[in-house]
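Whatever this is, show me its structure:
(chains A and B)
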Amino acid sequence: MSAATLSRFESALNELDATVSYVDGDGFRDHLEGVVQPHAVGVALEETFDDPALSLTETSVEVDPAPATLRTAKTGVTGASLGIADYGSLVLTVTDRASELVSLFVERHVVVVRAEDVEADMESAVDAFGAEFRETGGSAVIATGPSSTADMGALVKGAHGPREVHVVVLTEGESAEGE
Amino acid sequence: MSKADDLRRLMRTEGAAVAENTRAFNEGRYRSVADLENYEELKDEARAIKEDAIARLPELVDQLREAVEANGGTVYVADDAADANEYVRSVVADRGAERAVKSKSMTTEELDLNDALEADGVDVVETDLGEWVLQLAEEAPSHIVAPAIHKSREAIAELFEARFDPEEPLETAEDLTYFAREKLGEQITDAEVGITGANFLTADTGTMALVTSEGNARKTVAATDTQITVAGVEKVIPTVEDLRPFIELIGRSGTGQDITSYVSLLTPPVDTPVVDFGDETTPLSEFDADRAFHLVLVDNGRLEMREDDQLRETLYCIRCSACSNSCANFQSVGGHAFGGETYSGGIATGWEAGIEGLDTAAEFNDLCTGCTRCVNACPVKIDIPWINAVVRDRVNRGEDSELDWLVDGLTPDEEEGGAPLQKRFFGNFETVAKLGSLTAPVSSRLADTEASRWLMEKALGIDPRRDLPEFERETLVKWFEKRGGEAASERRAAGGRAARESGARNRNSERRVVLYPDLYTNHVQVERGKAAVRALESLGVNVVVPSVASSGRAPFSQGMVATAADHAERVTETLAPYVEDGRDVVVVEPSDHAMFAREYERLVDAEGFASLSERSYEVLEYVYGLLENGADPDSLSAGGGEKIAYHSHCQQRTLGLETYTVAVLERLGYDVVTSEVECCGMAGSFGYKSDYYELSMDVGDRLRDQLEADGVRDRRVVASGTSCLEQIDSLVARKPQHPVELLVE
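A predicted model of the protein is given here:
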C-alpha cells in the first residue's frame, strides 16, 4: 500500500459519503470514542488483527452484545480484512463472532482496517480472498458505502443496512492526517 | 386489444417512470465504464469465462456439488419449475417453517415459487423493496434489476397509504424507504427460512456471489437458520478469481454504479450465529451457527439452450439490464411490453424462447429493431440483435399467412415456412423499390391514393400517418452510367488530383472505390448518392457504381435470415472482383455498411466476410481517411462556421463511426452539436408499422426535444441514416440532409 493508494481509497470513500479517519495503534481507543455514537456495540478486534492494543475493552463499545441490544444499538464496530482503494470497498469477514450481524443491523457502521491491508485494486483483493476461500471455506462481503436503494422513486441511503459508514484506517507509527 | 392499444396504455401509465429511470441508468453506465481503463479487456475476460463455463457445465456442476457437500450443504438439480418448486416446498415443510423471507431472484419469478409456497400456507415475504412493492400491488416486475421501475414515488406512497394507513403521511422516498425497512425488519428477524438467488456460483469452493445494494440479501441469510438458494444452472463459473471481471462490470453495466453496496461472497452454510433476536442476555457469539443450506440448480430448458448453437449465447447473460436500459423502445414501454413471462429487454427473447417457448418470445420479439445499441453495452458481448433475428426467423417459420398471394409477386424470398405478410413485404423491399423506380412517378401517386393506403394498412399494417418513400425514376446506377461511367469518373478524379498535385503530399493518388448503391440511395435518395460520387471525385478518387443486389438488411430485420443470407452471398460475389482489383467499398447508408461490417459474419463464409468487411467504409469515414492522408479539404465546400446539428445512426455508432462524420464536418468549418439518443425511433420499417407508429414517435420525441433545444433549434439538421432522415422530417419543420450533401454544395 502506497500513500497514493491510501489517498485513492479515501477519495473513493468520500464519493460514497463515507467518512475516513486515521490513527495509529496507541491512540486507537481515544480515537474510537470520537467516531462512535451511543449505544455502540462491536466485535472484538484483537481477533481480526491479533493486536492487544486494538482491544475494545475499556471503551464505550459493548463487545458481543445480546441480540436485543444489537437491535436497538446505533453504532456497530467491526474490523475489515481488506480495503480496496479503487472502489472505497471494505472486505468484511463473516465469522462465528457475528460480525455480519453487528455490521448490518445498525444505523452507523464503524469499520476498522489496517493501512497495510488496503489493496490497490479489485484484482489483487480477489486474488487475496480466493486463495483464502479455497483453504478455509470462508465467506466475505465486499461492502462499499452505506446500504442504499432507488426503489422508492429516488436514491435513498440506508435501506436494510447501515445509513452511515465511517472508516478508521490504522496506520503504523505516525498517522497520516487527523479527521 | 390490439398491440398498438397495449403499447399506448403502457406508455401512458408507466412510460414516464420507465423513461426517467432507464435513461438515468443508461447515462450512469456511460459515465461509469468511461472510468474503467481496461473496460474492453474486462468484457473479453468475462466473455471467455462464460464461454468456458458453459462449455464445461456438466463437469463444473459436479465439482460444485462436491464443494457444497464438503461444506455441509445439499445440491439439487431441478429439471423444470415443478421439480424445483416441489423440492423447495419439501425443505420448507421439513423445517416446519411458517415464514420464508426472500431476496430478489428472477429465477424464482420464473418458477412462480411464491405461489407454490403460499399454497402450502407459508407466509412468503419479498424483502427487496422493489419486489415488496410489487408483492403488495400484485404486479409483475418490469425490469430485471429494478423490478418496480415503472412505479413512481407517488404511486408507491398511495399504495402504502391504502395498505397500511400509516400514522404519519409518507411523502418522500426516504419516508417510504424507512417505513418499508421497519415493516420488513420485523418479518426478517422472525423468519425461519431465507431464500436467495445467486448471481454467480464458483465450482472450486461452493461460493455464491450476491450483488445487492439494500442489505436485504445479507439479512435474509444471516437472520434465518435454513438457507435455500435457487439459481439457474448457467450461473456456475470455475473459480473465485473468475468473479473479478463480473464484480467490476455488473453494477457499471446495469445501474451505472461502479460497484453496488454489497457483493456478498458466501460459502454456505455461513458461520454467522443463528440468534434469537428477542434474547436480552445471551451474547451473540454464544449462539450456534446451526444452519442448513440447500442449493437448487434449475435447468428448465437451459441445458437444451446449451445444445442450441444460436440460443447458447443467452446463457452467458449475467442479468445486468444493460440491454434494457440502452434500448430506445424499452425506455418508452418498459418490461411489461418488452418482456415475456419473466425476463425483459433485448436478451429476454433468448431466455423466453429457451424457457417458455417461441410463442412467448413472439409476443414481444418485434420490439427489438436490431438497432444494436445494446451490443457494446453488454458486458459479456452477447450479440443480442442476432438472437432476436434468429428467434424472429423461427417464429416466422412456425406460422403461415393466408394472404401470402398478396405479396407473392413482390417476394422472391427464400422463406420456406413463410413469414407473415407484413414481414415479407418489408423484407422484400428491394423488389418494391425496383418496381417503384420503373413506374415512378406514377407509383408514388398511386401509392398515395386512398384506396391503396387503405389496402396497405389493412393487409400490410403500414400506418397511414407515415409518408411513403417517393421513388426516383432514374436510379443512381443509371445516372452514373449516363454520365459516362468509370471513364468519366477517372477524368474528374484526375482533374481533382492534378489541381493540387503541386504542393500536396497526397498519398491518395491511386485510390479507387466501388460506391455501393444501397437500396435507398439508388432508388429514393438518389441526390445523396450523386453527392457522394462528386465528393469522392473532388478528392481525386476514381469511382464506379455497379448494379449490386440489396444488402439483405431489410429481410434480416424481418427475421428472414435465409433471404438475408442469399442477398449477402450475392453482394459478396458481385463486390469480390472489385475488391480483388484493389477498390475499396464505400457505403452511404449506415445500416447497409453495418451489414458488411457486422452481420455478414454470420451470413457468408469467413473469407468472404473478412475481405469485404476489411475494405468497407461508411462514406464520411472514407472521406476522413482521405483527408488524413493528405487529400485537400479545399476541394470540398467549406462550412464557414455554420452551426449544424448532427444525428448519427444507431448501427453507425455501435461501430464507432459517428466520430468521423463529426471530424470531417468540423474540419470543413462547421460548428457541430450531436444528438444523444440511442435511436431515432424509426429503425427501418419499424416506424411504418401501424402497431408501432406511436411508440416510434414516442422514441422520436426524445430526439425532437434535443433538436428543438435552445442553441440547437435554429441549426440545420444532418443525419446519416435513411430512416433517421425520414423520422426527423416528421419530427421537425427543418428538412434534414445527409452530411455528404454538405460536402459538395
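
What pLDDT does the model give residue B:683?
Residue B:683 is assigned 90 on the pLDDT scale.

same thing with residue B:393?
Looking at residue B:393, the pLDDT reads 93.

and stretch A:154-168, which residues are buried?
Neighbour-count burial for stretch A:154-168, counted by 16 or more other CB atoms under 10 Å in any protein chain shown, picks out A:156-168. C-beta coordinates here come from the backbone N, C-alpha and C atoms, glycine included.

What segments of the stretch 451-600 of chain B are helices?
For the stretch 451-600 of chain B, the helices defined by DSSP state H, counting those that start in this stretch occupy B:476-482, B:485-498, B:519-523, B:526-538, B:553-557, B:561-580, B:590-594, B:600-603.

and the longest one, average pLDDT?
Helix B:561-580 shows a mean pLDDT of 96 in the predicted model.

ok, back up a step: need the max-distance pair from the buried residues of stretch A:154-168.
Taking CB to CB as the measure, those span a maximum distance of 25.6 Å, between A:156 and A:168.

Could you list the low-pLDDT ranges of chain A?
Counting by pLDDT under 70, chain A contains low-confidence ranges at A:47, A:173-179.

try it again with 90
Applying pLDDT under 90 to chain A flags the ranges A:1-2, A:24-26, A:45-55, A:57-58, A:95, A:129-132, A:134, A:136-137, A:152-155, A:172-179.

Strands of that one, residue ranges please.
A:19-24, A:40-42, A:62-63, A:75-84, A:89-93, A:108-114, A:118-119, A:140-143, A:148-149, A:156-157, A:164-171 (DSSP state E).

what angle separates the longest one from strand A:164-171?
Going back to what we said before, that points to strand A:75-84. Relative orientation of strand A:75-84 versus strand A:164-171 (axes from the mean of the first three to the mean of the last three CA atoms, to 10 degrees): 60 degrees.

What segments of the stretch 151-300 of chain B are strands?
Remark: strands assigned in the stretch 151-300 of chain B by DSSP state E, counting those that start in this stretch are B:193-196, B:200-202, B:207-212, B:226-232, B:236-237, B:262-266, B:292-298.

Indicate which one of those is closest to chain A.
strand B:262-266 (4.2 Å; CB to the nearest CB).

Can you give the contact residues for that closest one?
A:94, A:129, A:133, A:139-144, A:147, A:161, B:207-213, B:215, B:217-218, B:221, B:240, B:243, B:247 (CB atoms under 8 Å, 6 or more residues apart in numbering or on different chains).

Partner strands of it, with direction?
Its sheet considered, strand B:262-266 pairs with strand A:140-143 (antiparallel), strand B:207-212 (antiparallel) by DSSP bridges.

any chance of those in JSON lines, with distance to residue B:554 too?
Shown next, in JSON lines, are these (distance: least, CB to CB, whole Å):
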{"stretch": "strand A:140-143", "distance to residue B:554": "48"}
{"stretch": "strand B:207-212", "distance to residue B:554": "40"}
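
closest one to chain A among the helices of the stretch 451-600 of chain B?
Per CB to the nearest CB, nearest to chain A of the helices of the stretch 451-600 of chain B: helix B:600-603, 31.8 Å.

Let me see the residues that make contact with the closest one.
Against helix B:600-603 from outside (CB under 8 Å, 6+ apart): B:386, B:552, B:556, B:561, B:564-565, B:568-569, B:572, B:608-609, B:612-613.

Nothing else from me, thank you.
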